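# Next one to model:
(chains A, B and C)
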Amino acid sequence: MTAALETFDLCKTFGALKVVDRVSLRLPQGARHALIGPNGAGKTTLVQLLSGVLRADSGRILLAGADITTSSQQRRVKQGLVRTFQVTNLFRGLSVLENVFLAVSERQGASRQMFAAAGRRRDLIERAEAIIEQLGLAGDRHRRISEIAYGQQRLVEIAVALSLDPKVLLLDEPAAGIPSRETSLLLDAVERLPPDIAILMIEHDMHVVRRFAREVSVLVGGRILMTGLPHEVMSSQEVHSVYLGQAGQKRFTAGVPHV
Amino acid sequence: MPFFCGHHLMDALLSSLSFVTLYGLSYGVVLFTISIGLVVTMGLMRVINMAHGAFAALGGYVAVSLMNAYSVPFAIAVPVAVIAVALFGVVIERLFYAHIYTASELDQVLLTVGLAYVAVAGLNLAFGPNVFPGQLPRLLTANVDIGIRTFQVYRLFLIAVGLLLVLVLWYVFDRTSFGARLRAAVDNRTMAQAIGIDVPKLFSLVFSVGCGLAALGGAIGYAILPLEPLYPFKYLVLVLIVVSLTGFGNIKPSVWVAIFVGVIDTACRLLFPSAGAFIIYAILIGLIIHKHAGFLSRRSSS
Amino acid sequence: MTARSELLERHSYNPIEALYWLLLIGTFFAFPNYLSIATTVVIMALFALSLDLVLGFAGIVTLGHAAYFGIGAYTAALLASGGWREPIIDAVLAGLASAGLALMIGPALLLLDGLPLIMVTMAVSAILFEAANKASWLTGGDDGLRDFSFLPVFGLFPWSVYGQTSYLYALGWLALLFVLVRRVVSSPFGVALQGIRENRARMRLIGSPVIGHLVRAYTLSAFMAGIAGAVHAQTNKFVSLEVLGIDTSVDVVVMLVLGGIGRLYGALIGAPIYILVKHFAAEWNPYHWMFIIGALLIVAVRFGYGGLLGILGRIEAWFARARGTRKP
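Numbers count the residues shown, from 1 in each chain, chains lettered A, B, ... in the order given. The predicted structure is shown next:
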């Protein structure tokens, strides 16, 4: 079966520095894949290559079998590769519902309609409200982004991404900068995402990774050190020594789900 | 039917060429002097200042009225006007500009257009609605033969002032600690603040210098850009075009851009008098779109 | 849950709106001697409304919208001089001429924002002004165009000396295009424009054809500005270079700011305030008038965010709070 997202020997060099070095990943449909790695491992660059912010120097990216290596960001979104942002990037002056509506309307090809009232497009509004409901934001749907908590803004990011009907969803450090109580709400929401979407999560927090991932890849120095089941990766001596070092040992062994 | 022998044609060509060069250069110098203040203040403060021309007008009016009413010599009237306008600039900066540094572009445009309107009304009230006539000192109105044809000393004077100004600016920005702090603040305001530069004070100072430079342009250029109440708007488009072609805070290219604008405009007026000013506008629109949109589309597609 | 989405409710009418239109109709009967200035108000309201579509709703900052007003005015006048004297088709053709230019330059122009955008919009209108000034064989140059006239509206209503026909004709266009703008800003397209205004980069990343949307809004706005210009030419039976001037571009921005940017009635309320104040102040001294506009702009930016409608909104919110209820 064709993978939802597949990369072959992806490379990116900045000057003399190989930031992403022959990275090959395979996400089947419905994958729950986490990408971990220390700072400077090349995670951010890899996300930028996948989402199209940067172009790879060599290698290929296939989305459901179609080559998207040189497609623009917009094109990739249209084809079903959608990302969220590390720092939330939303329409701050608009409400939650309006944010999600914008994405739904764009996805359903309604945004070129100039003469029908948006408020009468019940289909679009209901779809937006269903997604908001799914992420547990129904009570805040009429509040502005600038008025809601950061953790909720993260959820809105995911809601906007979901509205674009992704086949593959890149979650770029979704738990960064939010309090742990809200992290579990966020993970609940992620667990409720449609099972057929392939999700690649870039994350530092091992608690989050343990709870979310069915498969984990470790990126070190731009290369995939290993890919495997979460407990395999986390018990690997190699991963411990190369990636985690002394400080990491503590974080790793402390990785008991605390929910 | 006139017969052009090569010799005459050559002479005519040289004569036009030197005319375009000299008139264009001197015109470009005036534009540069007015624009450079705006390049620096916009670069540092990221504020769109549509009232910049008003400070140039004020400089011109102050200098000329000192000369007309009190027979102050040109050489003293000009620096006095520059200093007076620079001081006035500090007051205006504290009263108005300090409040809009973080406002939207639209608000900045609106407030500064408002200031320009008030300036126009004020100039009319103080000096009347017509062109304010000023005499150049006799020394500058004299003609000098530079071999190909004769020119007013005034044109050469402007070019000399331009050269001097470029040297002074280069020295201040590249060689002094003030220049270093200024460049740091233009590059990264937060960082500059973090390393202990008093940014609000720097803003006031730079704004004042910017106003002073505009005033200098107005005061030495009144024989090219006549003083009238609508002066703040009349030359605004050209000055803003120089700024948007230069980019925020880039001092060095602004010299070339301003002189380019001056020379091209002069050449077009000479060669295609019926086409008027709009050839220069057309070229500039093309260049601006090429520069900015080219950059934007590269950024968005990569 | 009482809160609603204003953005998704733009299509619904508020009964208080009827008051505004009744006032405009009432003017016709109450001030028969002032119909000429009332016509100017209506035309400028239409022009300001066209600007609101780009400036208020799409966030395109332009200081050159007079270009489209002027093209509309000259097109209408030239068509009439050339023998096409039916006013409605004439106005539509004038609007199309303006829209044509917007469609031509929009795709390049709208890649810009900030100062470069403001500059290019100003420069485009400056070019047109210069061109119209030089092409005096076509435009009459400084003297303007005046030897043209129009057939009765719908073939029924001749252009009366006291301007009754002019006023109602202009009002008809305003009402028609107001309904159009209202539909457009309430549509999914209008919501997308709002998104572009809020965060252009993010819109691109949800797959929105940002430049395409902006060009469409800009072209529609130019069409309306062109019609406003045409109605100006038709009702004054005179077109001068002033219609293309930078002052005209600035005036219309000021009207919008005074009324309230990005609100449907901002343009419609700003225009009468501006023109009435100008009318009385300019009789006094045109330069004093510039002082008044300047001061109004400074005050509007420093204290009156959102224009008159914004101030009214805040007063209403204050009363709502004082009553201890949440504003629905």
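# isn't C:Arg4 right next to A:His142, touching?
Yes. Counting by Cβ atoms under 8 Å, A:His142 is a contact partner of C:Arg4 at 6.7 Å. In short, each C-beta sits where N, CA and C put it, glycine included.
# Excluding chain neighbours, what is closest to A:Val53?
Distances taken as Cβ to Cβ, 6 or more residues apart in numbering or on different chains place A:Gln73 nearest to A:Val53, at 6.5 Å, with adjacent residues excluded.
# Also A:Pro166?
Excluding the flanking residues, the one nearest A:Pro166 by Cβ to Cβ, 6+ apart is A:Val82, at 3.9 Å.
# tell me which element that neighbour is part of?
For A:Val82, the host element (DSSP states H and E) is strand A:81-83.
# what does stretch B:147-156 contact?
B:14-15, B:18-19, B:22-23, B:25-26, B:136, B:139-144, B:223 (Cβ atoms under 8 Å, 6 or more residues apart in numbering or on different chains).
# Mind checking the pLDDT average for it?
In this model, stretch B:147-156 carries a mean pLDDT of 80.
# Just list the residues touching whichever residue of the stretch 201-328 of chain C sits closest to chain A, thanks.
Per Cβ to the nearest Cβ, C:Gly207 is where the stretch 201-328 of chain C lies closest to chain A, at 4.3 Å. Contacts for C:Gly207 (Cβ under 8 Å, 6+ apart) come out as A:Gln74, A:Val77, A:Lys78, A:Glu106, A:Arg107, A:Leu164.
# Restricted to helices, list these.
The helices, defined by DSSP state H, take in A:Gln74, A:Val77, A:Lys78, A:Glu106, A:Arg107 from the contacts of C:Gly207.
# Surely the second one touches C:Pro209?
No. Counting by Cβ under 8 Å, no contact exists between A:Val77 and C:Pro209, whose distance comes to 11.8 Å.
# Looking only at neighbour counts, state which of these two leads.
Using other Cβ atoms under 10 Å in any protein chain shown as the criterion, A:Val77 and C:Pro209 rank with A:Val77 on top: 26 against 16.
# Low-confidence stretches in the stretch 151-259 of chain A?
Applying pLDDT under 70 to the stretch 151-259 of chain A flags residues A:242-259.
# typo on my end, it should be chain C
For chain C, residues meeting the criterion pLDDT under 70 lie at C:1-3, C:304-305, C:324-328.
# Kindly report the residues of it close to chain A.
Within chain C, the positions near chain A by Cβ under 8 Å from any Cβ of the partner chain are C:1, C:3-5, C:7-12, C:183-184, C:186-192, C:194-195, C:198-199, C:201-209, C:213, C:216, C:220.
# For the residue nearest to A:Val53, give me the pLDDT.
At A:Gln73, the model reports a pLDDT of 87.
# try A:Leu54
90.
# My understanding was that it contacts A:Gln48; is that so?
Yes. The criterion here is Cβ under 8 Å, and A:Leu54 meets it with A:Gln48 at 4.3 Å.
# so who does the residue nearest to A:Val53 touch?
By Cβ under 8 Å, 6+ apart, A:Gln73 lies in contact with A:Ser51, A:Gly52, A:Val53, C:Arg204, C:Leu205.
# Where is the longest helix in chain B?
Assigned via DSSP H, chain B shows its longest helix as helix B:6-45.
# Packing partners of that one?
On a contact count with 3 or more Cβ pairs under 8 Å, 6 or more residues apart in numbering or on different chains; DSSP states H and E, helix B:6-45 meets helix B:52-70, helix B:153-175, helix B:177-187, helix B:199-220, helix B:236-246, helix B:251-271.
# May I see the ones you listed arranged in TSV, with mean neighbour count as well?
Shown next, in TSV, are those (neighbours: other Cβ atoms under 10 Å in any protein chain shown):
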stretch	mean neighbour count
helix B:52-70	24
helix B:153-175	16
helix B:177-187	16
helix B:199-220	24
helix B:236-246	25
helix B:251-271	20
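# how about these, which one is nearest C:Thr121?
Of all the helices and strands packed on helix B:6-45, helix B:236-246 sits nearest to C:Thr121, with 10.7 Å by Cβ to Cβ.
# so what does the closest one touch, helix or strand wise?
Helix B:236-246 sits against helix B:6-45, helix B:52-70, helix B:251-271, helix B:278-288, helix C:114-134, with contacts defined as 3+ Cβ pairs under 8 Å, 6+ apart.
# how many neighbours does the residue lying closest to A:Ile199 once chain neighbours are set aside have?
Closest residue to A:Ile199 apart from its sequence neighbours, by Cβ to Cβ, 6+ apart: A:Leu169 at 4.8 Å. The number of residues packed near A:Leu169 is 24, by other Cβ under 10 Å.
# Pretty sure A:Leu169 sits against A:Val82.
Yes. If you go by Cβ under 8 Å, A:Leu169 and A:Val82 touch, sitting 5.7 Å apart.
# Tell me, how many residues neighbour B:Leu136?
By the criterion of other Cβ under 10 Å, B:Leu136 has 17 neighbours.
# List the contacts of it.
Counted by Cβ under 8 Å, 6+ apart, B:Leu136 has contacts B:Phe74, B:Tyr154, B:Ala223.
# On the three-state scheme, it is what?
At B:Leu136 the chain is in coil, as set by DSSP: H, G, I helix; E, B strand; the rest coil.
# what separates it from chain C, distance-wise?
Distance of B:Leu136 to chain C, given as Cβ to the nearest Cβ, to the nearest Å: 28 Å.
# Give me the local confidence score for the closest residue to B:Tyr27 other than its chain neighbours.
Counting by Cβ to Cβ, 6+ apart, B:Tyr27 lies nearest to B:Gly262, which is 4.0 Å off, once chain neighbours are set aside. Note on B:Gly262: pLDDT of 79.
# what's near enough to touch B:Gly262?
B:Gly24, B:Leu25, B:Ser26, B:Tyr27, B:Gly28, B:Val29, B:Val30, B:Leu31, B:Phe32.
# all helices for the stretch 101-250 of chain A, in order.
A:122-134, A:150-163, A:180-191, A:206-212, A:230-235, A:237-239, A:245-253 (DSSP state H, counting those that start in this stretch).
# now those as JSON lines including mean neighbour count and distance to chain B?
Conversion of the helices of the stretch 101-250 of chain A to JSON lines gives the following (neighbours: other Cβ atoms under 10 Å in any protein chain shown; distance: least, Cβ to the nearest Cβ, whole Å):
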{"stretch": "helix A:122-134", "mean neighbour count": "17", "distance to chain B": "26"}
{"stretch": "helix A:150-163", "mean neighbour count": "24", "distance to chain B": "19"}
{"stretch": "helix A:180-191", "mean neighbour count": "16", "distance to chain B": "28"}
{"stretch": "helix A:206-212", "mean neighbour count": "21", "distance to chain B": "31"}
{"stretch": "helix A:230-235", "mean neighbour count": "16", "distance to chain B": "34"}
{"stretch": "helix A:237-239", "mean neighbour count": "14", "distance to chain B": "34"}
{"stretch": "helix A:245-253", "mean neighbour count": "12", "distance to chain B": "28"}
